[in-house]
Structures are given as structure tokens and as C-alpha cells.
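In: Build me a model:
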Amino acid sequence: MDTGNTADRADEAVDKGACGVRDEVWSGSWVAERLGVELVGDDELTELLGLALRRNPKRAHLLVSNVLGKHVPQSPSVVYGHGFTLGRRVRDLLGADEAGAAVVLGYAETATGLGHSVADGLGLAPYLHSTRRPVAGVARAGGFEESHSHATSHLLLPEAPALLAGDGPLVLVDDEFSTGNTVLNTVRDLHERYPRRRYVVVALVDMRSAEDAGRLEEFAREIGARVDLVAAASGTVRLPKGVLEKGRELVARYEAEGAAKGRSSSAASSWRPAPTGPQPNVTRVDLCWPHGLPDGGRHGFTPEHRARLEAALPAMAARLAEALPADARRVHILGFEELMYAPLRLARELERITDAEVRYSTTTRSPVLAVDDPGYAIRTRLVFPAHDDPADGPGERYAYNVAGAGFDAVVAVVDSVADTPALHAPDGLLAQLAAHTPHTLLAVVPSYVPEPPHASERPSMLPEPLRGPAFSSYAPEEVGWLLQDLSDVTLEAPTEEREEAIQSGGAHYAESLPVEYQPSEQYQRLFHAALDASAARLAQAAGAVTEIVLAERSPRPVLVSLARAGTPVGILMRRWAQYRHGLDLPHYAVSIVRGRGIDANALRWLADHHDPADVVFVDGWTGKGAITRELADALREFEASDGITGFDPEIAVLADPGSCVRTYGTREDFLIPSACLNSTVSGLISRTVLRADLVGPHDFHGAKFYRELAGADVSVTFLDAVSARFPEVADAADAHAKELLSADRSPTWEGWAAVERISEEYGIHNVNLVKPGVGETTRVLLRRVPWKILARAGAGSDLDHVRLLAGQRGVPVEEVSDLPYTCVGLIHPRYTRGATGADGKAVSV
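Out: Numbering: from 1, shown residues only. This next block holds a predicted model:
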């Protein structure tokens, strides 16, 4: 269905008025005259609201919405139009960027359809509604209480817990705001779990007192968040003294009179179910609901779900139309408690394709007094037993203003959980409907219950992270390695053999390890000189990127470094957060392999122990951005295979010379001393290994701990040297972070473009053999078979170690004037065994 047409029709419906053809008598006058209750505020209030009385010890009166589609049958276009228009107003308030990051939360049971309509109006926002129906196997992501409601406990059961964990605006939708307590309870619960900077409260009517409005503003200041309010109309309810007691007396008197007179449910009916009798004749309509499409927002409803529903609606409505009797002129679509949105959309589509007058409302668990008077909002009620085996036990349920309304046909729309013998029983809902309409139809929407995909194939428990000193030379609190220890396995192969196997396609680079480079004394002196010269610059970059992560990603991020180059940077970021903010951030290291993706078992472990939305992936630097793309692709595949969402593919790096990410400390291409060495600056941990005979489907990727190299280990020396400079660069790092936060940091991918150009210019025709930047060039010289090094003309001491290594390996260094990087390493493109230099002859290291 065309979205533009959806918007146009929604706007047209609202323009036609709140209730179509309205009675001259206000449907709140009966209560107002007897109890002295007044509605004061916008002129639209009496069009949007009527008044009724109910059996509730907390609040006797009930504001009955004429446009909600709960108690009062209404044109579905009018109902949908009001929610959709509110969503458009929210979109205008937030602006395109924030609207694109928003999540909408609706309240059960009355606002589940309204909230969903607001989400439609907002555009691409995912939607979730609270529920009073526990669902086995679905973890609770939150909950809260609604103080004045007949049934108070709300559960939040998103299929993807990360749905609520983003930092975009949270839009909370209810039909009315009377005290604001429900919103306060919700925000309080969610803000403790998933703090964010902005909330938007949406309602058809805002009826809070000035005092209650002030409490919301005070609460917003308390939590340090912005809270906006969007409502179709606003005002207050003036309640005279003793109104609760008077209301109770009035309800009791009219209930007793109704019972004594034996009035039928088409008038001010008895609270008792109708007498039992034969089962009604009901026509069942197969909607052919799309397989796997959620029936609503109980577990989340995404833009992709919305698109599937829009495409399927015309055919489903056509099936309803075909099942209706040919002479039906007034048709009612009756939804079921929290199942409001699906029946609403079906009713609206039916209204569009038929000439019949279509009305829509839903059943409810809220008991309300019925009085057959035009000045009273609830004129009739049907009473029937609950038919969905509710968690709080059996009880009465109600349908208002359906009996006696003259409908030629009523279509009850329920989910499959509610399609029970109780629904079809002689005193059930269908029998009650059949007593008041010539034709009763039933459409059942499959109840959507999330199932963990491949659950039977997963291990029952993954091992805990490895930690030093048993695995790595880092302190145990610095990092947990989500790896398996392969220290006892011989994995090293000569560099030339590895290169031949890799380029011939005979083996993947992650199936073996290079022989660890043992630096000469001259090279070690060069490392320490470089560390001394760059420690302050590294400290400032580490501070800046950490501040950006804390400001934009999460106030308590879970750092997940990409082993192993990202691990020293992850530790530096953790140390900065501790030094500057007193935060003790969790930090793990995981394996990612080009062409194979990230370790899915590590992701599963992280999702089991942390909110995926809090995870921030960390790497040392970017080259051409291959790992950035690899991670994004791998997370998409993981989401599709496991159904776990929330992991953000945006990598945080110390340096981004390739302009591949938004979260970085600098975009300069300079020497990061940790790139100069291998395991001896990375906690004595090898590159990660992924080989089928060593790593099973339920295992973490592997790595080795080179304990025998402890005498040459400078891992902690490197970290301590950089951390010692934190105090002197703190102000500069804060200022740089603020500057970056206000700047346009969108990736330009200029590095990737340069690599493609170099690949063609030098006849390589394979971007994987072009390694841009100081860090990547160093890796080429240490681990691969280099062909030549391109150096930017005039590059200084940042390349001293590169020139030293190139000289040792007989690799020429070619100066290039227009190079976007300080240097670029080229791997030999036509490898033969022993071709370590430009002439294809082996040289000794």
C-alpha cells in the first residue's frame, strides 16, 4: 500500500471530524449533571471525550474516548487518522535525524493501536507495546505500574531486548494523561536500564493538573533528559469533593436496578453473562495472515513488518468483504483487548473497498457501568468470560456499545491464543454477539511468539573469558579474551609458505600463524624512541575517542576489542574512563577474520551477559576499511541467523586515516608504536586462528599465549607509558572530543578509493594486497611477503621503523607525492616461494 496514500487518507479522516455524525447531546452530560464533574480546557475536549462511571476503587469516573476505538464504535479511518496525525506532529518536532532513531512505546491495553498508529505517522520507527500477557520463553526487558488502571502490571517483552536500548528518542503513547504517574513509572524504570537524552510523551488528551504537569518537568530535570509533550487537546477534570463515594453509590444503585428489572444487555445490562444456550452459527474467515508477521507490537513491530502488512492488507480485507452478506450495510469490526492494531487496519481497509458503513472497537477487561441514555458514553455492554487463559485467572470481559447499535454483521478479530472453547461457549463472546446481530463472523490472527532460532543447535553454556596471567600478560581486570587457548598446538609456518598458500587459495590466512618476529636491539631502541615521542599524542587520541563513545554510544559501554591490534587500544580506553570518570568498564577481546566474519559464539556470549546496544567494538586504526565492512556484514548475517539485534557495527578506533568510521581519536596517519611489534606488545597473544579441525561450531576462535617470550614483552610498558600522559593531555583531549562531536565526521572512504587507484596503477588488481597506513604497512613487513613500500614524500620519523624493516627485507621504498597516507605497503602480487623482495629473491631478516 502506498505510504503517501495512507497519510492522505489518515489526514482526510481527521479533517472530517472526531466522530463523523455526532449526537447533539454531549455523551458526558449524564455524569456531569449527577456528580458535578467538569471538563475544562480546549473546545475539542467534548468532541473527543465522553464520561462514564466504573467499578474502580481508585477513580470512579472514566474518560471515554470517541476516537480511540476501544469503548465507542467509530469509523476506523477516524481512529487511525488521529494516531497517524499525532505521529506526524512528533516527526516534525524531532526532525528527520532524531525521528529516524526514535522508538515508540504504547500502553496496554487501551493504547496499543493508538501507539502503533503514531509509529506509522512517525515513519520508520519500530514499535513496542506493553502487555499483561506473560509469554513463555521471552525475557522481560522492563515493567511498570499504572496507578489508576483496573489492571495495573505492565510487562515489556521485546523479541530483541536492544529495541529499548538505543540512544534515540523514546516516544511514549497513551490514550490520556490524567496524573502522569504511568509515564513517570515507565521512564523511571527504563531510564535506569537504558538512559537516553530525550523522551516524547504523546496522548489524545492531556488532562493533568498544573501540579501533575510540574512533577513531570521536575522529574525530567532530575534525570537530565528532555521531555516533550504532544496531545490533540488538553484540559483538566474538575472533581467536586466526595466524587469517588458518590460515584460508587451511583454505580451500585444502577447495577442493582438493572439486575432487579432483568434488563437485557442491549440496555443498562446486568453484569452477569447471558443465559446458556446452543452454540451460535459463526462464519470463520481465513485471512491468510502472512507467515511470521507479528500480530501487533507485543514483541516489537519493525518497519520491515510494517511493509509486509501494508502489502498484505488489500487481499485480507477482500477476503473479509467476500465473507460478508451481500445486504450488509452496517458492519462492525470488533478487536480483542490488546489486539487493536491488526483489526483497526483490517477495518480501515474494508471501509475503503466496500460501500458499507464500517465501525471499529475492541473488547476490554475494564468494567464500566452501562446506562442507556444519549448523554452517557457507555449505553450498552456485553459481558462474557475471558477466553485467552489469562495469567491472572478467569474473569469477566466486556464489549461496549455494540449491542443495540443495529449492525448487520459483526466480525470478531482475535489472536489464536484467544480462539479457545471459552470463545465459542454458549455464554462466550460469539454467542453474545449472535444475540444482537444477524451475522457473526470470526477472523483469527496467528499469535506471534518469538522463538530463539537454532536453539537446539547451540551449546547450553559457553566458557567464561580467558584472563591473565593464565592467558596473556595483561592484568585480569584489563581484558577478558573470548577465545580458546591453542598454545599447545603448532600453528606457525614460514612466511613464504603461508603467502603461497594464501594467494593460491590453498589456505586462509587465519588457518596458520606467522613465525613471531624477534626484533633486533636496533629495532627495540627504535620502538622505545617512537613510544617516547608519541605517547602524549596517543594519550590524547585515546581520551578523545573514549569521550566520544561515552557521549554518543552509551554512558556505560561494554568495550569489545578486535583481537589483537584493538586490544591495547581497548585497555587504554578503559583506563581513560577509569581515570577521567571513575568508571570500571567491562572489556573483552574477540576474533574477527576477513572473509569469515566475527566469532558468532563470542557475540552470543556477549548477548547473554550484556545488552548488545551497549557493546562498542574497538580497533587500533583503519586502513582501507575492510574490517569495518567485514564487521557490518557479519553482524547482519548474525542478526538474520540468530535473531539477536542491537549490536552496532560502528567501530571506535584510535586513528582513522582512511576516513572509514565516525568514532575516532584522530584521522592522522602516524606511528602507533603497538603496530611495530606483534605479540610482545599485545599481551603475548598471537593472531587469532580459525581452522575447522581446531574450532568447532560451539567453540570460540583460538589463539596462542607465547609465555616463552615474556623476557621481550613490552605490552604493559606500552600501556603505562601512554597512561602516564593522561593528566597532561586531559584538557586537550576533552577539547578535541567536543570539537569532533560538533563536526561532520561522516566517513568519506577516501582511503578505499586511494587503494583501488593504487591497485590499478601498480598492476596488482587486488585491493587485499594493498595495505595502507603506517600500521598496516608494518604488518606487511612483519608477517607477509612485501613487494614494495610507497612513502609520502617528506614523511619523517614516523617511518623510521618502516625503513629499517624494509632494508632488512630488501624491499624498496618509493616516495610518492600525492599519497593520502603516510605510507602504503604492497604485498607481492605474483608470489613464488622465497620471493620476499622486489626481485623475487629471498633475503634474510
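
In: now the helices for the stretch 1-150 of the chain?
Out: Secondary structure of the stretch 1-150 of the chain (DSSP state H, counting those that start in this stretch): helices at 3-15, 29-35, 45-48, 76-100, 112-122.

In: Most tightly packed of those helices?
Out: helix 112-122 (a mean of 30; mean count of other C-beta atoms under 10 Å). Just so you know, the C-beta spots here come from the backbone N, C-alpha and C atoms, and that holds for glycine as well.

In: Columns distance to residue 477 and mean pLDDT on top of the helices of the stretch 1-150 of the chain, output as TSV?
Out: Converted to TSV, these look like this (distance: least, C-beta to C-beta, whole Å; pLDDT from 0 to 100):
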stretch	distance to residue 477	mean pLDDT
helix 3-15	51	46
helix 29-35	64	94
helix 45-48	58	94
helix 76-100	37	96
helix 112-122	42	97
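
In: mind giving me CSV with the ones you listed and columns for distance to residue 469?
Out: As requested, the helices of the stretch 1-150 of the chain are exported to CSV (distance: least, C-beta to C-beta, whole Å):
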stretch, distance to residue 469
helix 3-15, 59
helix 29-35, 75
helix 45-48, 68
helix 76-100, 47
helix 112-122, 52
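
In: closest to residue 739 out of those helices?
Out: Closest to residue 739 of these is helix 76-100 (C-beta to C-beta; 20.0 Å).

In: I'd like the distance from that closest one to the chain centre, please.
Out: Distance of helix 76-100 from the chain centroid (C-alpha atoms, centre = their mean, to the nearest Å) equals 20 Å.

In: Likewise for stretch 386-398?
Out: 32 Å.

In: Okay, now the unreliable bits of the stretch 701-845 of the chain?
Out: Applying pLDDT under 70 to the stretch 701-845 of the chain flags the ranges 783, 830-845.

In: on that earlier part again, so which of the helices of the stretch 1-150 of the chain comes closest to residue 787?
Out: Using C-beta to C-beta, these put helix 76-100 closest to residue 787, at 44.9 Å.

In: can you pull out the helices in the stretch 201-350 of the chain?
Out: For the stretch 201-350 of the chain, the helices defined by DSSP H, counting those that start in this stretch cover 210-223, 243-261, 303-323, 341-353.

In: buried stuff in the first one?
Out: Neighbour-count burial for helix 210-223 flags 212, 213, 216, 219, 220 (criterion: 16 or more other C-beta atoms under 10 Å).

In: Also the longest one?
Out: Of the residues in helix 303-323, those buried by neighbour count under the rule 16+ other C-beta under 10 Å are 305, 306, 308, 309, 310, 312, 313, 316, 317, 320, 321, 323.

In: next one: the second one
Out: If you call a residue buried by 16+ other C-beta under 10 Å, then helix 243-261 has these buried ones: 243, 244, 246, 247, 250, 251, 255, 258.

In: Tell me which other helices or strands that helix touches.
Out: helix 29-35, strand 49-53 (3 or more C-beta pairs under 8 Å, 6 or more residues apart in numbering; DSSP states H and E).

In: ok, back up a step: dump the buried residues of helix 210-223 into CSV; add distance to residue 394 and pLDDT as well.
Out: Formatted as CSV, the buried residues of helix 210-223 follow (distance: C-beta to C-beta, whole Å; pLDDT from 0 to 100):
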residue, distance to residue 394, pLDDT
212, 35, 81
213, 40, 81
216, 37, 81
219, 38, 82
220, 41, 85
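
In: Just give me the residue closest to the centre of this protein.
Out: Using C-alpha atoms, centre = their mean, the residue of the chain that lies closest to the mean C-alpha position is residue 163, 2.6 Å off.

In: show me what contacts that one?
Out: Contact partners of residue 163, counting by C-beta atoms under 8 Å, 6 or more residues apart in numbering, are 103, 126, 128, 141, 300, 645, 646.

In: which phi and psi does the last one have?
Out: To tie it back to what came earlier, the one meant is residue 646. Phi and psi for residue 646, reported as degrees, to the nearest 10, are phi 110, psi -20.

In: Going forward, count from 3.
Out: Okay, using 3 as the starting number, the last item reads as residue 648.

In: how about the nearest residue to it once chain neighbours are set aside, what does it touch?
Out: The spatial neighbour of residue 648 that comes closest, neighbours along the chain excluded (C-beta to C-beta, 6 or more residues apart in numbering), is residue 164 at 2.1 Å. Shown in contact with residue 164 (C-beta under 8 Å, 6+ apart): 613, 614, 615, 647, 648, 649.

In: same thing with residue 753?
Out: So residue 753 contacts 624, 625, 626, 627, 659, 660, 661, 662, 774, 775, 822, 823 (C-beta under 8 Å, 6+ apart).

In: number of nearby residues for residue 356?
Out: Neighbourhood size, residue 356 [other C-beta atoms under 10 Å]: 17.

In: So what does it look like in phi/psi?
Out: The phi/psi pair for residue 356 (degrees, to the nearest 10) is phi -120, psi 160.

In: confidence score at it?
Out: Confidence at residue 356, expressed as pLDDT, is 95.

In: Does it touch residue 320 like I think?
Out: No: at 9.7 Å, residue 356 does not count as touching residue 320 under the criterion of C-beta atoms under 8 Å.

In: How much space separates residue 78 from residue 591?
Out: Residue 78 sits 54 Å away from residue 591, taking C-beta to C-beta, to the nearest Å as the criterion.

In: Before I go, just wanted to say thanks for your time.
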